[in-house]
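A.B. asks: Okay, sequence plus prediction incoming.
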Amino acid sequence: MLSTNGKTSRIKVRDKFFNLYLEKEKIDRIVSGIATCIDLDYQGKNPLFLGVLNGAFIFASDLLRKVKIPCEISFVKYSSYQGMASGEKVNRIIGLNETIRGREIIIVEDIVDTGLTMAKLLGDLKAFEPASVKIASFCFKKEAFRENFTIDYCGLEIPDLFVVGYGLDYDGAGRNFPDIYQLDETQ
Ligand code: 5GP
């Protein structure tokens, strides 16, 4: 469905409808703002960005192309697999290694909801002794947040509603939409 400015205002991803929430032009301005802040904060440094797969791959690639200071990027991913004990679910991180030691780390995440995923990553990172760790998250669901870490570079606070697009998926689909859409709760 097209709105008056030619944008697709309503999309269907699998069995659900979503309404346009944030247009790509606004996303672009927000990412530029974060990049400018990072450039200022990390002058003379060479931070290592750590993108959290899968969701953050688009935000991370946009952010990296706007950051002007010398920097590097790596990616981590939480894999969920069956543990040895029957029915036990274990989340194991893939991609953390010795290159973290002594580095200024900037975690790049698509969305912080309850904060549990990020809290686990922060805990896991400690073992690799980074010089410092900051967090850049494009979206933040403040109402749902249950942890106590600080999001140093927060793109946008959003209500506690499910969103897709700009790397965010619904059951694996919808990551490719350039704009962000919010679940239509009336359906
Ligand atoms: P948390 O551990 O903070 O509760 O959740 C973090 C992860 O849940 C995110 O990295 C993302 O994968 C997923 N998530 C949380 N809220 C949303 C949402 O509104 N849309 C999508 N697509 N994923 C979400």
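C.D. replies: Thanks, I have it.

A.B. asks: what's the neighbour count on Gly115?
C.D. replies: By the criterion of other CB atoms under 10 Å, Gly115 has 19 neighbours. (Each C-beta comes from the backbone N, C-alpha and C, glycine too.)

A.B. asks: isn't it right up against Phe145?
C.D. replies: Yes - taking CB atoms under 8 Å as the definition, Gly115 is a contact partner of Phe145 at 5.1 Å.

A.B. asks: element containing Phe149, please.
C.D. replies: Counting by DSSP states H and E, no helix or strand carries Phe149.

A.B. asks: quick one: contacts for it?
C.D. replies: Taking CB atoms under 8 Å, 6 or more residues apart in numbering, we find Phe149 in contact with Gly115, Met118, Ala119, Leu122, Ile135.

A.B. asks: Make sure I have this right: the fourth one is in a helix.
C.D. replies: In other words, Leu122. Yes - Leu122: assigned to a helix according to DSSP: H, G, I helix; E, B strand; the rest coil.

A.B. asks: Would you mind measuring from the residue nearest in space to the middle of the chain to Ala60?
C.D. replies: Nearest to the mean C-alpha position of the chain, counting by CA atoms, centre = their mean, stands Asp110 at 1.6 Å. Asp110 is 9 Å from Ala60, where distance means CB to CB, to the nearest Å.

A.B. asks: Also Ile158?
C.D. replies: Separation of Ile158 from Ala60 (CB to CB): 19 Å.
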